[in-house]
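Student: sequence first, predicted model second:
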Amino acid sequence: METQPQLDFIAIGDTVIDAFIKISVGHIQETAHGPELCIPYGMKVPFDDVTILAAVGNSANAAVSASRLGLTSGLLSYVGADAYGKECIEKLKSEKVETKFIQQEEGKKTNYHYVLWFGDERTILIKHETFTPVLPDLGNPKWIYLSSLGKHTLPMHFELIKYLDEHPDIKLAFQPGTFQLGFKQEIADLYKHTDVVCMNKEEAQGLLGTEESDIKHLLDGLHAWGQTIVLITDGHSGSYMKYENTYFNMPIYPDINPPYERTGAGDAFFSTFVSFLARGFDAPYALVRAPINSMNVVQHVGAQEGLLTEGELDALLEKAPAEYLLKILD
């Protein structure tokens, strides 16, 4: 039997269909819990447009990003045995993403989310189907990229820990989703297997149980969990990294136009970073390029349309202003 070539990059996580409903009726109200979207209650509210995007989600977005950057990539995910599930699989195939690890489950619906798009931000109405998660034989890819999964998938995380124990050459990138952040003690061993972890500042504070705002302390706190490389994003302040006992800051790449819609910026950032590591480049090289993909994604609707090829990314890097430089923090 002919041996199948190993993939460079396999992403693991939920896949959804997003319906972006663009609205202009309403306003943003500041509250003690943060800004809230307010629209008329008990009335017919007009919308401007709707855009339906198949095969999205943190890990699906990452798999497409890696493919466009020249890696052989695949996705392990779960969809229903329905028309939406078939549509997701066909969309991924069109992006040259390997779909043999996608499991279609009878009697289940493919995840379908409604995105209320107001201004350049969005509020997402989510409902995750409870699939039966099984970790198949993934072979021996260079990298596994783990991101958002539902709370019912905790046993599969334990299976993944065992799989990594049995395949020590595989490197793990972890971009924890909401439920995974809540499993911090249960999956502590997974962090020990993680080569690079990425989250935003608020998520890092929550995971560490601290209100500490000093970015170095947060990087140190995450690094103590066992990761080789730690990344924290902080909005307009850019991104921060601890790597080889050195602290780095990378500014955001300036917007070529005002952001159109912000979904997927974080996925673009981290998947680009990991893709260049998988290509054999070092962490500083990867960190310089990751914000460029984030910038371009927010110029489009959804998380995938604006993902760049390496040539397109390099062209934007050549046009970067002088202040777009990787800095070492004192």
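Tutor: Received the coordinates, thanks.

Student: the residue nearest to Thr123 when sequence neighbours are not counted: which element?
Tutor: With sequence-adjacent residues excluded and distances taken as Cβ to Cβ, 6 or more residues apart in numbering, Thr123 is closest to Leu116, at 4.5 Å. For glycine as for every other residue, the C-beta is placed from the backbone atoms N, C-alpha and C. Using DSSP states H and E, Leu116 sits within strand 111-118.

Student: in its sheet, what does that strand sit against?
Tutor: If you go by DSSP bridges, strand 111-118 pairs up with strand 16-22 (parallel), strand 121-125 (antiparallel).

Student: what mean pLDDT does the following helix or strand past the last one get?
Tutor: The reference is to strand 121-125. Using DSSP H and E, the next helix or strand after strand 121-125 towards the C-terminus is strand 143-146. The pLDDT scores in strand 143-146 average 98.

Student: ok so, going back, can I get the strand holding Leu116 in CSV, CA atoms only?
Tutor: Extracted in CSV, the C-alpha atoms of strand 111-118 (Å, rounded to 0.1, in the frame of the first residue of the first chain):
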residue,chain,number,x,y,z
ASN,A,111,-23.4,24.7,13.3
TYR,A,112,-25.1,27.8,11.9
HIS,A,113,-24.4,31.2,13.5
TYR,A,114,-26.0,34.6,13.0
VAL,A,115,-23.7,37.6,13.0
LEU,A,116,-25.2,40.9,13.7
TRP,A,117,-22.9,43.3,11.9
PHE,A,118,-23.1,46.9,13.0
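
Student: which residues touch that strand?
Tutor: Under the contact criterion Cβ atoms under 8 Å, 6 or more residues apart in numbering, strand 111-118 has outside partners 14-24, 26, 28, 37, 57, 79, 84, 122-129, 261, 263, 301.

Student: before we move on, what about stretch 298-307?
Tutor: 18, 20, 51, 53, 56, 61, 64-65, 68, 95, 117, 120, 255-257, 259-265, 267-268, 293, 296-297.

Student: ditto for stretch 311-325
Tutor: Contacts of stretch 311-325 from elsewhere in the structure, counted by Cβ under 8 Å, 6+ apart, are Leu69, Pro251, Tyr253, Pro254, Thr272, Val288, Arg289, Ile292, Asn293, Met295, Asn296, Leu308.

Student: you'd agree the fourth one is in a helix?
Tutor: Spelled out, that is Pro254. No. When classified by DSSP: H, G, I helix; E, B strand; the rest coil, Pro254 is found to be coil rather than part of a helix.

Student: how close does the closest residue to Ile39 other than its chain neighbours sit to Ala188?
Tutor: If the residues on either side of it in the chain are set aside, Ile39 comes closest to Gly26, at 3.9 Å by Cβ to Cβ, 6+ apart. As defined by Cβ to Cβ, to the nearest Å, Gly26 lies at a distance of 42 Å from Ala188.

Student: next one: Ala32
Tutor: Ala32 sits at a distance of 33 Å from Ala188 (criterion: Cβ to Cβ).

Student: the more surrounded of the two?
Tutor: Neighbours per residue (other Cβ atoms under 10 Å) separate Ala32 from Ala188, with Ala188 holding more: 12 against 4.

Student: spit out the contact partners of the closest residue to that one other than its chain neighbours.
Tutor: Sequence neighbours aside, Trp225 is the residue nearest to Ala188 in space, at 7.2 Å (criterion: Cβ to Cβ, 6+ apart). Taking Cβ under 8 Å, 6+ apart as the criterion, Trp225 is in contact with Ala188, Tyr191, Lys192, Thr194, Val197.

Student: surely the third one forms part of a strand?
Tutor: No. When classified by three-state DSSP, Lys192 is found to be helix rather than part of a strand.

Student: would you agree it is in contact with His223?
Tutor: No. Using Cβ atoms under 8 Å, Lys192 and His223 do not qualify as a contacting pair, with a distance of 11.8 Å.
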